[in-house]
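Enquirer: let me see the structure of the following:
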Amino acid sequence: MSVSVEHGRGAATTARPVVWLRELRGRPIVGPDQQHLGHVRDVVVRDSPATANTPVTGLIADAGGHRWFVPVSAVRDLHARRVRLRVVPIRAARRRSATELLLVQDVLGRPVVTAPGEPPRRITDIALRHTTTGWVVWAADTRSPVRRFLGAPRRPVPWNRIAARWFTRLHRR
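Expert: You can find the predicted model right below:
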C-alpha cells in the first residue's frame, strides 16, 4: 500500500513535511554561529518492534575524515539546505547498541517485503518526519534505481508496514 507523499515541504495533506534520506546525506552541518562542522553521513535510529514509530536518535557527521555523533536533541533544523545545530556537541562517534540501526549503512538498498505475496523490493530512499515526539522514520521509497533516475514518482510504503527491521538484521554485512 502506498501513502501520499510529496517532495519537501509541500505535502498533499495537512501532514508534516518530510525529509528524504538521499537529500539529507551529504548536507553541510553548521553550528549556532554558522561555523561549518562537517557533513551528514548517516542517520541513527532506535529500532524497536514494540513501537509503531522508529525514532531518530542522532546523525553521524563526517568532518575531515573524523566521524562524530550528533544527538537529535542538538539539531535545530533538518529542512534547510544546511543542518543547523542548537549547540555543538563534541562527541566522537560511539559504538552503536544492538537496538540501533544506521539508515544508510544498514537499510538503504536492502530488500524488504511490502505486501504479502509480492517479491521483495529494495529500499531506495527513506522519509523522516518530525512529530510531536521528535523525528521518526516515516516511509520507505521502493522504486527501482532506474525509475528513480528517470524521475518516476516515488513509491512510498509506510515504515510500519514493511519488514525492513527484520530483513536488515538478516542481511547485515
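
Enquirer: okay, CA-based contacts and neighbour counts for the rest of this
Expert: Noted.

Enquirer: show me what contacts the residue nearest to the spatial centre of the chain?
Expert: Nearest to the mean C-alpha position of the chain, counting by C-alpha atoms, centre = their mean, stands residue 21 at 4.6 Å. Shown in contact with residue 21 (C-alpha atoms under 8 Å, 6 or more residues apart in numbering): 104, 125-128.

Enquirer: export stretch 93-101 to CSV, keeping only CA atoms.
Expert: The C-alpha coordinates for stretch 93-101 follow below in CSV (Å, rounded to 0.1, in the frame of the first residue of the first chain):
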residue,chain,number,x,y,z
ALA,A,93,31.1,8.5,17.1
ARG,A,94,30.4,5.9,19.6
ARG,A,95,29.8,2.2,19.2
ARG,A,96,26.2,1.6,18.5
SER,A,97,24.0,-0.6,20.6
ALA,A,98,22.2,-3.7,19.5
THR,A,99,18.9,-1.8,19.1
GLU,A,100,20.3,0.9,16.8
LEU,A,101,20.4,1.0,13.0
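
Enquirer: buried residues in stretch 98-116?
Expert: Applying a neighbour-count criterion of 16 or more other C-alpha atoms under 10 Å, one finds 100-114 buried in stretch 98-116.

Enquirer: what separates it from the chain centre, distance-wise?
Expert: Its chain's average C-alpha position is 10 Å from that of stretch 98-116, according to C-alpha atoms, centre = their mean, to the nearest Å.

Enquirer: now the terminal residues of it, how far apart.
Expert: 28 Å (C-alpha to C-alpha, to the nearest Å).

Enquirer: state the mean pLDDT of that stretch.
Expert: Summarised as a single mean, pLDDT over stretch 98-116 is 84.

Enquirer: how about stretch 144-157?
Expert: Mean predicted lDDT for stretch 144-157 stands at 82.

Enquirer: how far off centre is stretch 139-155?
Expert: Worked out by C-alpha atoms, centre = their mean, stretch 139-155 lies 16 Å from the chain centre.

Enquirer: inside strands: which ones of the buried residues of stretch 98-116?
Expert: Per DSSP state E, strands hold the following members of the buried residues of stretch 98-116: 100-102, 111-112.
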